[in-house]
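Participant: Below are the sequence and a predicted model; questions follow.
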Amino acid sequence: MKDPSRSSTSPSIISEDVIINGHSHEDDNPFAEYMWMENEEEFNRQANFLLKQFLFTAQIEEELWEEEFIERCFQEMLEEEEEHEWFIPARDLPQTMDQIQDQFNDLVISDSSSLEDLVVKSNLNPNAKEFVPGVKYLNI
């Protein structure tokens, strides 16, 4: 007969680090992993603090991404302006009164017969009152 203590079906216990139900024999308190619940308020306060830090960091990061995006858009706009001929008021508009007067003189109708034709074909009322800005007119 075989000795039951030497049976191959029973596990041999050689190591002192045997774990039963997830805890070793050396562990004094089997509920050690739940001890944080003893200080649950402190744990929640720290968790809230870390969450606020994370959200603040995420907000800052989002603002930085937005600023970078706006900067890239602005840079692309400047590059586009350099590539194409755009209207630039400082460059394209006349700067002196002489230049403005020259442009105005170019717009004046020089043919007097065409001026008379404009007056004859006009839809304006020659008997109308003169317009004065800021004055209300009543129809009586």
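Facilitator: Here it is on my side, so go on.
Participant: And for residue 125, the neighbour number?
Facilitator: Counted with other C-beta atoms under 10 Å, the neighbours of residue 125 add up to 7. Backbone N, C-alpha and C define where each C-beta goes, glycine included.
Participant: quick one: it from residue 131, how far?
Facilitator: Counting by C-beta to C-beta, to the nearest Å, the separation of residue 125 from residue 131 is 12 Å.
Participant: ok, now residue 42?
Facilitator: For residue 42, the distance to residue 131 - C-beta to C-beta - is 79 Å.
Participant: okay, the two: which has more neighbours?
Facilitator: Per other C-beta under 10 Å, whichever of residue 42 and residue 131 has more neighbours is residue 42, with 10 against 7.
Participant: what's the burial count for residue 91?
Facilitator: Using other C-beta under 10 Å, residue 91 is surrounded by 8 other residues.
Participant: Give me the next element, helix or strand, following the helix or strand containing it.
Facilitator: Residue 91 belongs to helix 89-92 when assigned by DSSP states H and E. Using DSSP H and E, the next helix or strand after helix 89-92 towards the C-terminus is helix 97-107.
Participant: which helices and strands does that next one pack with?
Facilitator: In terms of contacts (3 or more C-beta pairs under 8 Å, 6 or more residues apart in numbering; DSSP states H and E), helix 97-107 is packed against no helix or strand at all.
Participant: quick one: the strands in the chain?
Facilitator: Taking DSSP state E as the test, the strands found in the chain are 19-20, 23-24.
Participant: just checking, what packs against the helix holding residue 91?
Facilitator: Using 3+ C-beta pairs under 8 Å, 6+ apart, helix 89-92 is in contact with no helix or strand.
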